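Colleague: got a predicted model here, sequence first, then my questions.
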Amino acid sequence: MDVRIGVTHSPREITIELDDDFDTSALRADVEGALNGTSRVLWLTDVRGRQVGVPSDRIAYIDIGSDGSSNPVGFS
């Protein structure tokens, strides 16, 4: 599953690849907690074990999608 996070005052977004069996409802609860001020940093761990922290006051948007959900480019 791919998660894209838009950060305010940054032209680039953060893309994190999570395990396919990652609990999306738990992720949504973590995101809502970060946006409601419950936690100051949203921490995610990608498939390689790398931890990524995003300050909750800098989150512009979060896109939760499955692998291959991006627009494919190719020739037929």
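Modeller: Happy to help now that I have it. Residues are numbered from 1 along each chain as shown.
Colleague: for the nearest residue to residue 5 once chain neighbours are set aside, give its distance to residue 8.
Modeller: Leaving out its chain neighbours, the residue that sits closest to residue 5 by Cβ to Cβ, 6 or more residues apart in numbering is residue 14, at 4.4 Å. From N, CA and C alone the C-beta is placed, and that goes for glycine too. Going from residue 14 to residue 8 by Cβ to Cβ, to the nearest Å gives 12 Å.
Colleague: ok, the residue nearest to residue 7 when sequence neighbours are not counted to residue 14 distance?
Modeller: What sits nearest to residue 7 in space, not counting adjacent residues and going by Cβ to Cβ, 6+ apart, is residue 58, at 5.1 Å. Residue 58 is 10 Å from residue 14, where distance means Cβ to Cβ.
Colleague: mind listing the shared neighbours of those two?
Modeller: Applying Cβ atoms under 8 Å, 6 or more residues apart in numbering, one finds that residue 58 and residue 14 are jointly contacted by residue 7.
Colleague: rewinding a little: which residues does the residue nearest to residue 7 contact?
Modeller: 7, 8, 9, 10.
Colleague: average pLDDT across stretch 7-15?
Modeller: The pLDDT scores in stretch 7-15 average 93.
Colleague: tell me which residues are up against that stretch.
Modeller: Counting by Cβ under 8 Å, 6+ apart, residues outside stretch 7-15 touching it are 2, 3, 4, 5, 6, 52, 54, 58, 59, 60.
Colleague: go with 6 Å
Modeller: For stretch 7-15, contacts defined as Cβ atoms under 6 Å, 6 or more residues apart in numbering pick out 4, 5, 6, 58, 60.
Colleague: quick one: low-confidence parts of the protein?
Modeller: Counting by pLDDT under 70, the ranges of the chain that qualify are 66-76.
Colleague: the contacts of stretch 7-15: which two are farthest apart?
Modeller: Greatest spacing in the contacts of stretch 7-15, by Cβ to Cβ: 4 and 58 (14.4 Å).
Colleague: most neighbours of all the contacts of residue 58, which one?
Modeller: When neighbours are taken as other Cβ atoms under 10 Å, the top entry among those is residue 7 (15 neighbours).
Colleague: can you give me the strands in this protein?
Modeller: 2-7, 13-17, 41-45, 51-55, 59-65 (DSSP state E).
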